[in-house]
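>>> curious how this folds, go ahead:
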Amino acid sequence: MMSSRKFHPIWLVVFIIPLLSVAAALLVFVLTEDRAPVNPVRIGPTPTIDHPLVGEMAPNFELAALDGGTVRLSSLRGRVVFVNFWATWCEPCRREFPAFEAFNNQQDEAVILAVNEGEPPEQIQSFLDEIDVGSVQVLLDNDFGVGDTYKSEYFPATFVINPAGIVSAFHLGEVTLDDLARYVADFA
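Predicted coordinates for the structure are as follows:
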């Protein structure tokens, strides 16, 4: 005997439409899932981006150097200065230090100040020994004051300061030897 049940629109509303909605949402999620590259800060042709300090006088600071003494930013006026914020656990930071070393060995018209944010000096020195870097000027921002002043929220972050003391660019992500040379050439 055949059933005399009729198809009611309520079945469509209760079961089929929600099932199709879930399937569609899942499909959209899978197709638009963000597949981040290994180094997400290097997207696009140049990682130089806007920052509130670009075009402004670089905030002055004085920090202790890892090798002793202190460094005052304003004492470097007249030279291109790269103020790089970094940490030992940061993989792009690790990769850019050899470029800093090579850059320092190739020229003397620009200065790289590698500002470490809050790590113990012993840990920093161990890191530098491990990657065999010795010519990079490492400064200690133990209380994160300079990082806060520069609004540095990510590592690595590099501010390019022109000879007049103005922040001319902000580079988010790993800096290469070519990047450093290009920034210096902008002021030649």
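>>> show the average pLDDT along stretch 84-104.
Across stretch 84-104, pLDDT averages out at 95.
>>> list the buried residues in that stretch.
Across stretch 84-104, burial judged by 16 or more other C-beta atoms under 10 Å covers 84-88, 90, 92-94, 96-97, 99-101, 103-104. Glycine gets a C-beta too; all of them are placed from N, C-alpha and C.
>>> residue contacts, residue 167?
Applying C-beta atoms under 8 Å, 6 or more residues apart in numbering to residue 167 gives the contacts 51, 53, 54, 55, 56, 57, 58, 159, 160, 161.
>>> just among these, which is most surrounded?
Of those, residue 160 is surrounded by the most neighbours, 27 neighbours in total, counting by other C-beta atoms under 10 Å.
>>> quick check: beta-bridge partners of it?
residue 82, residue 169 (DSSP bridges).
>>> ok, it touching residue 172?
No: assessed by C-beta atoms under 8 Å, residue 160 is found out of contact with residue 172, at 11.9 Å.
>>> got the phi/psi numbers for the closest residue to residue 151 other than its chain neighbours?
Distances taken as C-beta to C-beta, 6 or more residues apart in numbering put residue 52 closest to residue 151, at 6.4 Å, once the chain neighbours are dropped. Main-chain dihedrals, residue 52, degrees, to the nearest 10: phi -60, psi -20.
>>> so how far is residue 123 from residue 52?
31 Å (C-beta to C-beta, to the nearest Å).
>>> residue 153 now?
From residue 153 across to residue 123, the span is 21 Å (C-beta to C-beta).
>>> now swap in residue 182 and tell me
Applying C-beta to C-beta to residue 182 and residue 123 gives a distance of 32 Å.
>>> tell me the contacts of residue 134?
Residues near residue 134 by C-beta under 8 Å, 6+ apart: 101, 128.
>>> show me where the protein has strands.
Using DSSP state E, the strands found in the chain span residues 62-65, 70-72, 80-86, 110-117, 137-141, 157-161, 167-172.
>>> which elements pack onto the second one?
With contacts defined as 3 or more C-beta pairs under 8 Å, 6 or more residues apart in numbering; DSSP states H and E, the secondary structure elements packing on strand 70-72 are strand 62-65.
>>> mind listing residues that contact the strand it packs on?
Here strand 62-65 has contacts from 70, 71, 72, 73, 115, 137, 138, 139, 140, 141, 142, 146, using C-beta under 8 Å, 6+ apart.
>>> my read is that residue 110 contacts residue 182, right?
No: applying C-beta under 8 Å as the test, residue 110 and residue 182 come out as separate, 11.6 Å apart.
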